[in-house]
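A.B. asks: After the sequence you'll find the predicted model.
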Amino acid sequence: DTAVSQTPKYLVTQMGNDKSIKCEQNLGHDTMYWYKQDSKKFLKIMFSYNNKELIINETVPNRFSPKSPDKAHLNLHINSLELGDSAVYFCASSLSGSSYEQYFGPGTRLTVT
Amino acid sequence: RKEVEQDPGPFNVPEGATVAFNCTYSNSASQSFFWYRQDCRKEPKLLMSVYSSGNEDGRFTAQLNRASQYISLLIRDSKLSDSATYLCVVNRDSSYKLIFGSGTRLLVRP
């Protein structure tokens, strides 16, 4: 019973392509997040949704667009991929009252060639 | 300057050793503090919260020094399974946003 799942786990694609990563949680949480972890292992918040409403939108290129169809799902679409987008993307979820306790998915390792 | 700074390590210690990591944060308005653990090529997981009075969970002790703006994690009687990267995390204003340090790597050898 995976709590937070992401697909795909690995994604290798060429510059200029458009790709999506999907995230689902079955914990009953109302808040979901996307993080990017770069090659230096620095984990940085990109977006967060609470009850399908965007609440965190960091300084991220507008090629990145999150979508939350419902509380249990948060997808990330990336247009016109660039070499610098290569990283591990983690989805996470939490309850509103315990936002510090975030449960992370296994990550999607994106490689742009 | 990064908002949360950690010594990247690695700290290489024998089993049974006691090891301590420090972390400093720059924003004095920071309100909540945590340690997360990340195993190699895995996702981060919450290890423990850090309270002003200090807190202990088995072999792990976390301390907060607000005046000096640093957080510490002490691991006693290190096990091989403690080998991981320890991430210092700060919540600035009780919002949903967590600020992660880049982590301190611990290697426990037999």
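C.D. replies: Sure, I can see it. Quick caveat, the model's predicted, so the values are computed rather than measured.
A.B. asks: CA atoms for contacts and neighbours, from now on please.
C.D. replies: Will do.
A.B. asks: what's near enough to touch A:Ser68?
C.D. replies: Taking CA atoms under 8 Å, 6 or more residues apart in numbering or on different chains, we find A:Ser68 in contact with A:49, A:52-53, A:74-75.
A.B. asks: again, only this time at 7 Å
C.D. replies: A:52, A:74-75 (CA atoms under 7 Å, 6 or more residues apart in numbering or on different chains).
A.B. asks: So for it, what's the pLDDT?
C.D. replies: Note for A:Ser68: predicted pLDDT of 93.
A.B. asks: Then it would be within a strand, right?
C.D. replies: Yes: the assignment for A:Ser68 is a strand, going by DSSP: H, G, I helix; E, B strand; the rest coil.
A.B. asks: which one of the contacts of A:Ser68 has the most neighbours?
C.D. replies: A:Leu74 (27 neighbours; other CA atoms under 10 Å in any protein chain shown).
A.B. asks: Spit out the contact partners of that one.
C.D. replies: Contacts for A:Leu74 were tallied using CA under 7 Å, 6+ apart; they are A:22-24, A:32, A:66-68.
A.B. asks: Which strand or helix spans the residue in chain B positioned nearest to chain A?
C.D. replies: Nearest to chain A in chain B, going by CA to the nearest CA, is B:Ser102, at a distance of 4.6 Å. Assessed by DSSP states H and E, B:Ser102 sits outside every helix and strand.
A.B. asks: For it, give me the pLDDT.
C.D. replies: In this prediction B:Ser102 is given a pLDDT of 92.
A.B. asks: burial count for it?
C.D. replies: Other residues close to B:Ser102 by other CA under 10 Å number 24.
A.B. asks: Spit out the contact partners of it.
C.D. replies: A:41-43, B:6, B:87.
A.B. asks: Among those, give me the pair with the biggest separation.
C.D. replies: Across these, the longest distance by CA to CA is 13.1 Å; it joins A:Leu43 and B:Gln6.
A.B. asks: Strands along chain B, start to end?
C.D. replies: B:4-6, B:11-14, B:19-25, B:32-38, B:44-50, B:55-57, B:60-65, B:70-75, B:84-91, B:98-100, B:104-109 (DSSP state E).
A.B. asks: Would you mind naming what in chain B lies close to chain A?
C.D. replies: Residues of chain B lying near chain A by CA under 7 Å from any CA of the partner chain: B:42-46, B:96, B:98, B:100-102.
A.B. asks: Give me the buried entries from those.
C.D. replies: Buried members of the residues of chain B next to chain A, counted by 16 or more other CA atoms under 10 Å in any protein chain shown: B:43-46, B:96, B:98, B:100-102.
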